[in-house]
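K.L.:
have a look; sequence and predicted model below, questions after that.
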Amino acid sequence: MVDLTDWTLDEKVREVHGSLPHISGLWGMLVDYNAEPYPAGGSERHGVPELRFTDGPRGVACFGSTCFPAPIARGAAFDPELEERIGDAIGVEARTHGANFIAAVCINALRHPGWGRAQETYGEDPHHLGQLGAALTRGLQRHVMACAKHFACNSIEDNRFKVDVQLPERVLRETYLPHFRDCVDAGVASVMSAYNRVNGEWCGGNRHLLTEILRDEWGFDGFVVSDFVFGTHAPTDLAAGLDLEMPLRKWFGLFLKRAMRQGRVSEAELDTAVSRIVRTKRRFAEIGEPERYRPESVACAEHVALAREAATKSMVLLKNEPVGEAPILPLATDSLAVIGPLADAELTGDKGSSHVRSPYVVTPLAALRERVDVAFADGRDVAAAAQLAASKPAAVVVVGLTHRDEGESIPLRFGLGGDRTDLRLRPRDEALIQAVVAAQPRTVVVLVGGSAIITEAWRDAVPALVMAWYSGMEGGHALADLLFGDANFAGRLPMVWPRTHEQLPSFDPTAKTADYSELHGYRRLQAQGEEPAFPFGFGLSYTRFQCGEMVVDGLRVRVDVTNVGDRAGDEVVQLYVGARTDGLPRPPWDLRGFERVGLEAGESATVEFVIDPQRLAVWDGGWRVEPGRYEVGVGPSGEPGSWVRGKFELD
């Protein structure tokens, strides 16, 4: 506890709310969100630094920052080491902009791919989310306080201010909280509460989440911050475990003082919140690398190169079939038709709180024009586009989603963002694809977007299909490198791509209540015995990999991986565990490890996983590891038919 004996009540209260002016501040958030860091607290008299908040997670929200690929793309890279380097770069730029606190670690589980903010998280699996969130936390916190968000069960956008998520305690513990625990274990400085309710209680005032689990069980010693403006509902939220109201004073000012006079909040509870905030700010005031916090560090050559590397590692090759004697990719042509409304669009993601104002964005069209002779059509005239495609040796069609289709839903900014209830492309885009591929068999379709897209109406006709995501400021260059074979595809899907909407959990963005179960994504389809369009963890390469025999020694699993193709590439080796015990019912398989491995042609490497038995525990009023038989599958995706198998026993 920080010594607060000489603090006045006003000084204490000032520490627990943001300092943004009410009218001009709110207007500025709507017009130019986070152009500068948002302040809170601070006291010269007590030697306490001001908190200065900036948002993420594509990069620093302030002007001129490096725009990295959206987190969902980085999730497709399956590369914690890369994510830690990205965290380091974002942390440097945040400090250079004058911030010391960044809400960049978005780790909500992608329950349904229609969620508008799917692009801000890493994917659907809690183990995968936790590994990448912890890596980003470590990188950021070399320079700034990191915030993990949104705690918890936040995965509906349109009704996020009202919806009550109903779920059993076991589902909460096993499916929607483990990744937050991973970030707490990594030392994250702050956790942001969510807007929604969980089992009838607003997250910002949910004592079970914020105090009983986060602090009493997990030992979290940082501070909890509200989601902005609408994340607090009463001054008593502070007593439940919410420490800081942002970005302005709403409930934690005069109303808080009144609640204290009425005995609904004690001064001891206020002191606890202030101590958490002050202790964390003082600790992080001592860290950093001041020599790196210079204006020229923002969007510097090193960070731009990192953005390009991340985009290259994240794009997923979903299909690459022969046209004639060889697969269509990599392209070998000096002339190309580039078609589609998004080929010349600067698309880095939505325009909400994660928006990054980078100094430039390389579009697919611009990057391809740097390489070959390009004829371009935006596709509004479908017949003309098809004719253009037929006149060239090959065509690239770029279609998909924009900030108008998905993303954060901002009050008073209608027509932008929100959830998707239809996961298909627009009918005009599907018609464009079908017309172009009919005219030009050597057609590559490149999809842009932040989550799964249903492709059943046209996929069989297309020889090559790429998911490019929202790939950041250098995404165009990365795409061109991959299409022409200067780099090799190694992205893997961080969520299942369904064949139909019926394969997914129920999803009503207008619902006042939503029932969550432990089954979504690959777990749901495996439990139901259904085949997706593309499984979790799937992605093709220009080379081929083969897993050898598995060796299981207790909880240690080893497997040899060989590049049996003719060029270098990366494989993402994935470990799945299935409990075959007589205890509580479980999903058929759970991801429990992954490693990205780079191999030259003909090269082999041994990949070793050590399974943490606590990762196998179930919640039954407390955590316990059930004895019995466990099966292990290791392979290139979440498709069990692609795995080598083993087993182990727990007593």
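P.N.:
Nice, I can see it.
K.L.:
any stretches of this protein with poor pLDDT?
P.N.:
412-415 (pLDDT under 70).
K.L.:
please identify the helix or strand for the nearest residue to Thr543 once chain neighbours are set aside.
P.N.:
For Thr543, ignoring the flanking residues on the chain, the nearest one in space by Cβ to Cβ, 6 or more residues apart in numbering is Gly565 at 3.0 Å. C-beta here means a position set from N, CA and C on the backbone, and glycine is covered the same way. For Gly565, there is no host helix or strand (DSSP states H and E).
K.L.:
same check, this time on Arg52
P.N.:
Using DSSP H and E, Arg52 maps to strand 51-55.
K.L.:
what residues does that strand touch?
P.N.:
Where contact means Cβ atoms under 8 Å, 6 or more residues apart in numbering, the residues beyond strand 51-55 that reach it are 18, 33-34, 37-42, 60-62, 94, 97-104, 145, 244, 246-247, 277, 281, 353-354.
K.L.:
in its sheet, what does it sit against?
P.N.:
Strand pairing for strand 51-55, determined by DSSP bridges: strand 38-40 (antiparallel), strand 101-106 (parallel).
K.L.:
mind checking the SS state of Cys147?
P.N.:
strand (DSSP: H, G, I helix; E, B strand; the rest coil).
K.L.:
that should have said Val437, apologies.
P.N.:
Per three-state DSSP, Val437 ends up helix.
K.L.:
what sits against it?
P.N.:
Val397, Thr443, Val445, Trp458, Ala461, Val462, Pro463.
K.L.:
any chance of these in CSV, with secondary structure too?
P.N.:
Shown next, in CSV, are the contacts of Val437 (three-state DSSP):
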residue, secondary structure
Val397, strand
Thr443, strand
Val445, strand
Trp458, coil
Ala461, helix
Val462, coil
Pro463, coil
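K.L.:
please tell me which one of these counts the most neighbours.
P.N.:
Val445 (30 neighbours; other Cβ atoms under 10 Å).
K.L.:
hmm, it is touching Val397, no?
P.N.:
Yes: counting by Cβ atoms under 8 Å, Val397 is a contact partner of Val445 at 5.0 Å.
K.L.:
so what sits against both of those two?
P.N.:
In contact with both Val445 and Val397: Ile433, Val437, using Cβ under 8 Å, 6+ apart.
K.L.:
related to what we said a few turns ago, using JSON lines, please lay out the contacts of Val437 together with distance to Gly638.
P.N.:
Putting the contacts of Val437 into JSON lines (distance: Cβ to Cβ, whole Å) gives the following:
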{"residue": "Val397", "distance to Gly638": "28"}
{"residue": "Thr443", "distance to Gly638": "28"}
{"residue": "Val445", "distance to Gly638": "23"}
{"residue": "Trp458", "distance to Gly638": "24"}
{"residue": "Ala461", "distance to Gly638": "26"}
{"residue": "Val462", "distance to Gly638": "23"}
{"residue": "Pro463", "distance to Gly638": "25"}
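K.L.:
if you count neighbours, what's buried in stretch 557-570?
P.N.:
Val557, Arg558, Val559, Val561, Thr562, Asn563, Gly565, Ala568, Gly569, Asp570 (16 or more other Cβ atoms under 10 Å).
K.L.:
quick one: which two of the residues you listed are the most distant?
P.N.:
Val557 and Ala568 (25.4 Å; Cβ to Cβ).
K.L.:
who's Ser604 bridged to?
P.N.:
Thr562.
K.L.:
over to Cys547?
P.N.:
Val561.
K.L.:
isn't it up against Val561?
P.N.:
Yes: Cys547 lies in contact with Val561 (Cβ under 8 Å); the separation is 5.6 Å.
K.L.:
overlap in contacts of the two?
P.N.:
Joint contacts of Cys547 and Val561 (Cβ under 8 Å, 6+ apart) are Val573.
K.L.:
tell me who's in contact with the spatially closest residue to Gly205 that is not a sequence neighbour.
P.N.:
Spatial nearest neighbour of Gly205, excluding adjacent residues (Cβ to Cβ, 6+ apart): Asp237 at 3.9 Å. Contact analysis of Asp237 by Cβ under 8 Å, 6+ apart lists Trp202, Gly204, Gly205, Ser226, Glu245, Trp251.
K.L.:
kindly report the same for Glu502.
P.N.:
No contacts exist for Glu502 under Cβ under 8 Å, 6+ apart.
K.L.:
now it: how far from Glu456?
P.N.:
Here Glu502 is placed at a distance of 12 Å from Glu456 (Cβ to Cβ, to the nearest Å).
K.L.:
now swap in Leu110 and tell me
P.N.:
Counting by Cβ to Cβ, the gap from Leu110 to Glu456 is 21 Å.
K.L.:
compare these two (neighbour count), which wins?
P.N.:
Taking other Cβ under 10 Å, Leu110 and Glu456 do not tie; Leu110 has more neighbours (28 against 11).
K.L.:
I'd assumed Gly123 was in contact with the more buried one.
P.N.:
Yes: counting by Cβ under 8 Å, Leu110 sits close enough to Gly123 to count as a contact (5.7 Å).
K.L.:
which helix is the longest one in the protein?
P.N.:
helix 267-285 (DSSP state H).
K.L.:
tell me how far that one lies from the chain's centre.
P.N.:
Here the centre of helix 267-285 is set off from its chain's centre by 29 Å, with Cα atoms, centre = their mean, to the nearest Å.
K.L.:
report the next helix or strand after it in sequence order.
P.N.:
That would be, after helix 267-285 and using DSSP H and E, helix 301-314.
K.L.:
buried residues, that next one. List them.
P.N.:
Per 16+ other Cβ under 10 Å, helix 301-314 contains these buried residues: His303, Val304, Leu306, Ala307, Arg308, Glu309, Ala310, Ala311, Thr312, Lys313, Ser314.
K.L.:
distance between it and the chain's centre?
P.N.:
17 Å.
K.L.:
packing partners for it?
P.N.:
Packing contacts for helix 301-314, counted by 3 or more Cβ pairs under 8 Å, 6 or more residues apart in numbering; DSSP states H and E, involve helix 71-77, helix 80-96, helix 475-483.
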